[in-house]
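Visitor: give the three-dimensional model of this entry:
(one chain, ligands or ions: 1)
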Amino acid sequence: MEDWVKVCEEKALKDGDMLDFDHGESKILVTRSGGRVYATDRICTHAYADLSTGILNEDENTVTCPLHLSAFKLDSGIPQNLPAEDPLKIYKVKIQENAIYIKLG
Ligand code: FES
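Guide: Have a look, this model is predicted:
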């Protein structure tokens, strides 16, 4: 069974916004960049830093870690520069009845 979880109403997330979403043990970062919505893990894969306090770059479609400045692609989770080497986990997103859902599990 697919495990889609509602995050928020679509209008609550504007271009350039970042939103914290916790579900069980999962700490997720939901972003909107260039009109598209993305969801990734929120904790950097290098050390413990919360990416929601980093910088969203809509031109590059990345979020930059506030601690050592690795930038991660929002669509793939892949780091674009060191020191982070491992990708962020990414989650599927859908918009349904004007609400944002992500798929967990
Ligand atoms: S903790 Fe994010 S790059 Fe080091």
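
Visitor: now do the contacts for L88.
Guide: T40, D41, C44, T45, L51, F72, G77 (C-beta atoms under 8 Å, 6 or more residues apart in numbering). C-beta coordinates here come from the backbone N, C-alpha and C atoms, glycine included.

Visitor: grab the nearest non-local neighbour of it.
Guide: G77 (3.6 Å; C-beta to C-beta, 6 or more residues apart in numbering).

Visitor: distance check, the one you found against the ligand.
Guide: Using C-beta to the nearest ligand atom, to the nearest Å, we find G77 at a distance of 13 Å from the ligand.

Visitor: now do the nearest residue to D3 once chain neighbours are set aside: how many residues are near it, please.
Guide: Of all residues not flanking D3 in the chain, G105 sits nearest, at 4.4 Å (C-beta to C-beta, 6+ apart). Number of residues near G105 (other C-beta atoms under 10 Å) recorded here: 9.

Visitor: got the contact list for N98?
Guide: E9, E10, K11.

Visitor: distance of it from the ligand?
Guide: For N98 relative to the ligand (C-beta to the nearest ligand atom), the value is 34 Å.

Visitor: the closest residue in space to T53 that isn't next to it in sequence: which element?
Guide: With sequence-adjacent residues excluded and distances taken as C-beta to C-beta, 6+ apart, T53 is closest to P66, at 4.9 Å. Following DSSP states H and E, one finds P66 outside all helices and strands.

Visitor: tell me the pLDDT at P66?
Guide: P66 carries a pLDDT value of 98.

Visitor: touching, it and Y48? I think so.
Guide: No. In terms of C-beta atoms under 8 Å, P66 does not count as a neighbour of Y48; the distance is 11.3 Å.

Visitor: more neighbours: the two, which one.
Guide: P66 (14 against 7).

Visitor: by neighbours, which of the contacts of L88 wins?
Guide: Neighbour-wise, the contacts of L88 (other C-beta under 10 Å) top out at F72, 28 neighbours.

Visitor: what does Y91 show for phi and psi?
Guide: Here is the backbone geometry of Y91 (degrees, to the nearest 10): phi -120, psi 140.

Visitor: partners of it in the sheet?
Guide: Residues found in beta-bridge contact with Y91 (criterion: DSSP bridges) are A39.
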